[in-house]
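Trainee: Generate a structure from the sequence data that follows.
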Amino acid sequence: MRLFCLLVSIVMLGCTSTYPIINFTDQKIQRFDNRTLSSEEIHSAIRKAASDAGWRVQPGVSPNHIVATLNVRNSHKAIVDIVFGRDSYSIIYRDSENLVYARAAEDRGELRIHENYNKWVSELNDEIFRRLQE
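Mentor: Prediction:
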């Protein structure tokens, strides 16, 4: 029975699919009403968006840098850097735990991760876009 459980565990681990990491780079900050936002308004909108989406927000290394962390069921963690200026922002992978992060040789060294990471970051990006329109 132990051998059977071990084999099932190995097979299940091998079946975990990974996907290329999606980074949202140079996302344009353009409001529908064409109003230009101040750096403070952009910073506030991004912080609120991340918080509303369930991410814990911490200051980064500069005023235009935020580190956001998402903990899912106390077993998975995603960490991203959000860097912004007056015209655009970027959400970049920083680190993760238990999301099958790997550098796949067969994909020319492409960074790969569990598909849920991309879903969570995409939802964060959508929420930031919404908040910037308010």
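
Trainee: Look up how far residue 81 lies from the spatially most central residue of the chain.
Mentor: What sits nearest the mean C-alpha location of the chain, by C-alpha atoms, centre = their mean, is residue 121, with 3.5 Å. Computed with C-beta to C-beta, to the nearest Å, the distance linking residue 121 and residue 81 is 11 Å. (Glycine included, C-beta is placed from N, CA and C.)

Trainee: same question for the single longest helix found in the chain, mean pLDDT?
Mentor: For the chain, the helix reaching the highest residue count under DSSP state H is reported as helix 115-133. Across helix 115-133, the average pLDDT comes to 97.

Trainee: what packs against that helix?
Mentor: strand 18-20, strand 24-28, helix 39-52, strand 65-72, strand 76-84, strand 88-97 (3 or more C-beta pairs under 8 Å, 6 or more residues apart in numbering; DSSP states H and E).

Trainee: quick one: buried residues of that helix?
Mentor: Of all the residues in helix 115-133, those buried under the rule 16 or more other C-beta atoms under 10 Å are 117, 118, 120, 121, 124, 125, 127, 128, 129, 131, 132.
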